[in-house]
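Asks: predicted structure and sequence below. I'll ask about it afterward.
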Amino acid sequence: MRSWKKAILAGVVAFAAAGSTYAADVKIGFLVKQPEEPWFQDEWKFADQAAKEKGFTLVKIGAEDGEKVQSAIDNLAAQGAQGFIICTPDVKLGPGIVAKAAANDLKVMTVDDRLVGADGNPLEDVVHMGISAAKIGETVGQALAEEIKKRGWDMKQVGAIRVSYDQLPTAVDRVEGAIAALKAAGFPAENIYDAPQAKTDTEAALNAATTVLNKHADVKHWIAFGLNDEAVLGAVRATESVGIPAENVLGVGIGGAESAINEFKKPTATGFFGTVIISPKRHGYETALNMYEWIANGKEPEKLTLTAGALALRSDYETVRKELGIE
């Protein structure tokens, strides 16, 4: 009986050791389209936390175009990875990414931007964690409308800069959500001016917004919204460059990026009024953890998880960040 118990105990210890070894053998890729952007840096940071907690290896890769995506997937397979998380540079690469993952026997999850098929519809079989883009856009529009009323501006005399990047479905959903909320609050549709940006950064947004401002130099009050904080910051910088006072400008961004926080920290308030903070913690930590559980324990995540955001202003951004687990 005693020897039988010893055998059982030895088996348990061996099983535990094997489990620990397997955790150490798990390797997960995390591919992002703009590795220099603070949002993706934060996603990686929180994914690293999950890796440390569970003992797996996280491979962080910047993949700015389709060729780099394909190369990165092959590289992960060569390294012995079992799966990867990706925010793709182009959602239309979906079928190719899925095929390449299958060819290399890699599990795949998407984050932030959802892959689409040849027909333009989401690839619903691919696990995805994204943002409820339309709802977040509505939060932006509501914040702008409320502040317009608080300041006593006449909506008929206010111009709106729609900093757009229509190549990205998420961007369209966000700005259309903002427009819907503005219209519901009585904002005139004819006062919304499109400012298409060539890239999703501040410089491109500044150039696009400057064109709009120069065409409508008679407008005194301006509001701005777009895909992210960088888009709105670009519009705010544009208003500054043409001499519009900060008190005549209202911009609400999306993301809560470091650039937005730095704007709040300036000694004098600018036209950047607020940001809807999206927590990169869930998008980094939770996706990495979910991929690990899928690989190590066969627990496939929910096919679709949508996260929400919280409006943060110059006066309360620190509190909002803490509530979202960012600080």
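Replies: The structure has been received and is ready for your questions. This one's a predicted model, so the numbers in the text were calculated from it and none came from an experiment.

Asks: how about the residue minimising distance to the centre of the chain, nearest residue that isn't a chain neighbour?
Replies: A centroid search over the chain (C-alpha atoms, centre = their mean) returns Asp112, at 4.9 Å, as the residue closest to the centre. Computed as C-beta to C-beta, 6 or more residues apart in numbering, the closest residue to Asp112 that is not its neighbour in sequence is Cys87, at 4.4 Å. C-beta here means a position set from N, CA and C on the backbone, and glycine is covered the same way.

Asks: do the same with Gly325
Replies: Spatially, and ignoring its direct neighbours in sequence, Gly325 is nearest to Lys281 (5.0 Å; C-beta to C-beta, 6+ apart).

Asks: neighbours of the one you found, how many?
Replies: 18 (other C-beta atoms under 10 Å).

Asks: the helix or strand containing it packs against which elements?
Replies: Using DSSP states H and E, Lys281 sits in helix 280-281. Other elements packing on helix 280-281 under the criterion 3 or more C-beta pairs under 8 Å, 6 or more residues apart in numbering; DSSP states H and E are helix 38-54.

Asks: contacts for the helix it packs on next, please.
Replies: Helix 38-54 has contacts (C-beta atoms under 8 Å, 6 or more residues apart in numbering) with 23, 26, 28, 30, 32-35, 57-58, 60, 85, 87, 111, 228, 255, 257-259, 280-281, 283-289, 292, 296, 326.

Asks: quick one: distance of it to the chain centre.
Replies: In this view, helix 38-54 has its centroid 14 Å away from the chain centroid, taken as C-alpha atoms, centre = their mean, to the nearest Å.

Asks: using PDB, list the CA coordinates for that helix.
Replies: Extracted C-alpha coordinates of helix 38-54, given in PDB (Å, rounded to 0.1, in the frame of the first residue of the first chain):
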ATOM      1  CA  PRO A  38       2.100  54.400 -27.500                       C
ATOM      2  CA  TRP A  39      -1.100  52.300 -27.700                       C
ATOM      3  CA  PHE A  40       0.700  49.300 -29.100                       C
ATOM      4  CA  GLN A  41       3.600  49.800 -26.700                       C
ATOM      5  CA  ASP A  42       1.100  49.600 -23.900                       C
ATOM      6  CA  GLU A  43      -0.500  46.500 -25.300                       C
ATOM      7  CA  TRP A  44       2.900  44.800 -25.400                       C
ATOM      8  CA  LYS A  45       3.600  45.900 -21.900                       C
ATOM      9  CA  PHE A  46       0.500  44.300 -20.500                       C
ATOM     10  CA  ALA A  47       1.000  41.200 -22.700                       C
ATOM     11  CA  ASP A  48       4.400  40.900 -21.100                       C
ATOM     12  CA  GLN A  49       2.700  40.900 -17.700                       C
ATOM     13  CA  ALA A  50       0.600  37.900 -18.700                       C
ATOM     14  CA  ALA A  51       3.800  36.200 -20.000                       C
ATOM     15  CA  LYS A  52       5.600  36.700 -16.700                       C
ATOM     16  CA  GLU A  53       2.600  35.400 -14.700                       C
ATOM     17  CA  LYS A  54       2.100  32.300 -16.800                       C
END
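
Asks: phi and psi next, for Gly84.
Replies: In this structure residue 84 is Phe, not Gly. For Phe84, the backbone dihedrals (degrees, to the nearest 10) come out as phi -150, psi 160.

Asks: for the spatially closest residue to it that is not a sequence neighbour, name its beta-bridge partners.
Replies: Spatially, and ignoring its direct neighbours in sequence, Phe84 is nearest to Gly29 (3.3 Å; C-beta to C-beta, 6+ apart). According to DSSP bridges, the residues that bridge with Gly29 are Val59, Phe84.

Asks: other SSEs contacting the next helix-or-strand element following the helix holding Lys281?
Replies: Sequence-wise, the next helix or strand downstream of helix 280-281 (DSSP H and E) is helix 287-297. Identification of packing neighbours for helix 287-297 by 3+ C-beta pairs under 8 Å, 6+ apart yields strand 27-32, helix 38-54, strand 83-86, strand 107-112, strand 127-131.

Asks: count residues in the vicinity of the nearest residue to Pro280 once chain neighbours are set aside, would you?
Replies: Counting by C-beta to C-beta, 6+ apart, Pro280 lies nearest to Asp42, which is 3.7 Å off, once chain neighbours are set aside. By other C-beta under 10 Å, the residues close to Asp42 number 20.

Asks: can you pull out the strands in the stretch 101-250 of the chain?
Replies: 107-112, 127-131, 158-164, 192-196, 221-225, 249-255 (DSSP state E, counting those that start in this stretch).

Asks: tell me how far the first one is from the chain's mean position?
Replies: The one in question is strand 107-112. Counting by C-alpha atoms, centre = their mean, strand 107-112 comes out at 13 Å from the chain centroid.

Asks: the second one too?
Replies: When C-alpha coordinates are averaged (C-alpha atoms, centre = their mean), strand 127-131 and its chain have centres 10 Å apart.

Asks: give me the angle between that strand and strand 249-255.
Replies: 160 degrees (axes from the mean of the first three to the mean of the last three C-alpha atoms, to 10 degrees).

Asks: what sits against the residue nearest to Ala312 when sequence neighbours are not counted?
Replies: Nearest non-adjacent residue to Ala312, counting by C-beta to C-beta, 6+ apart: Val320, 4.0 Å away. The contact partners of Val320, taken as C-beta under 8 Å, 6+ apart, are Gly256, Ile277, Ala310, Leu311, Ala312.
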